[in-house]
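**Q** generate coordinates for the sequence data below:
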Amino acid sequence: MGDSLITIVAIFLAAILMFVFPLMSLAERTDDIAELSVTTATDEFVDNIRTTGKLTWAEFDQYLQTINATGNSFDVDITIYQLDENPGVKVTQAEPTKIGENLYYAKYTTQVEEELNKYGRMRLREGDLVSVSVKNTNQTIAQLLRNFFYQLTGSQTYQIMAEKSAIVAVNGSN
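**A** So this is what the prediction gives:
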C-alpha cells in the first residue's frame, strides 16, 4: 500500500515537472515577446511624433493594429501637453523660450481621438510633450497559470506594458 502511494505521488510530480513547468515557461516567453513587440511599437510611435511634430489618424490606427497583432487587448493612454501660446497677462515679456514661464495644457486620450476623428491629424509645436502608456487588459496564459499554481489574485495586475515620453523637436507641418 505504501509503495503504490509513493508511486502515485512520483508520477504526479513527474507529470508536473514534464508538462506544467515547460508550459509555464513557454507562456512566460510568449508574454516577453509580446511585451518586446509592444515596447518597440510604442517607442517608434512616440519617436515618429517627436521627429515629425504631428500625429495622424493613420499613424495612430497603424500603432493600434501593431500592438493588437500580439493577440492581446490593450488600454492605450495618450497624454499630450501643448505649450500655451498665451501664457497669461501677468507676464510682461511673453517669450516662450524663457525657463519657468512656459505653461502647458493637457490633452488626454479621448480628446486626442476626438481631434483625430475631426481633423485627421494633430499638429504639435516644438517643446510640446507626448506621453504614451500601454497596458494589457486581458489575462494571458502565463497569468492564468501563475494565478492557478501560486494563487496570486488581483484584478489590477497586468503582464504586458510599455511607456514612452518625449519632447517634440520640430514644428509640425501640414
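
**Q** C-alpha from now on. contacts and neighbour counts both.
**A** Will do.

**Q** which residues of the protein fall in strands?
**A** Shown for the chain, the strands assigned by DSSP state E span residues 54-56, 74-83, 104-107, 121-123, 129-136, 161-167.

**Q** any idea how far Ile160 is from the residue positioned nearest the centre of the chain?
**A** Central residue of the chain (C-alpha atoms, centre = their mean): Val134, 1.8 Å from the mean position. Computed with C-alpha to C-alpha, to the nearest Å, the distance linking Val134 and Ile160 is 8 Å.

**Q** Ala142 now?
**A** According to C-alpha to C-alpha, Ala142 stands 11 Å off from Ile160.

**Q** shared neighbours of these two, anything?
**A** Asp31 (C-alpha atoms under 8 Å, 6 or more residues apart in numbering).

**Q** of those two, give the one with the bigger neighbour count.
**A** Each of Ala142 and Ile160 has its neighbours counted (other C-alpha atoms under 10 Å); Ile160 has more, 23 against 19.

**Q** now the more buried one. Its backbone dihedrals?
**A** Phi and psi for Ile160, reported as degrees, to the nearest 10, are phi -120, psi 120.

**Q** in contact with it, which residues?
**A** Shown in contact with Ile160 (C-alpha under 8 Å, 6+ apart): Asp31, Asp32, Ala34, Glu35, Val38, Lys135, Asn136.
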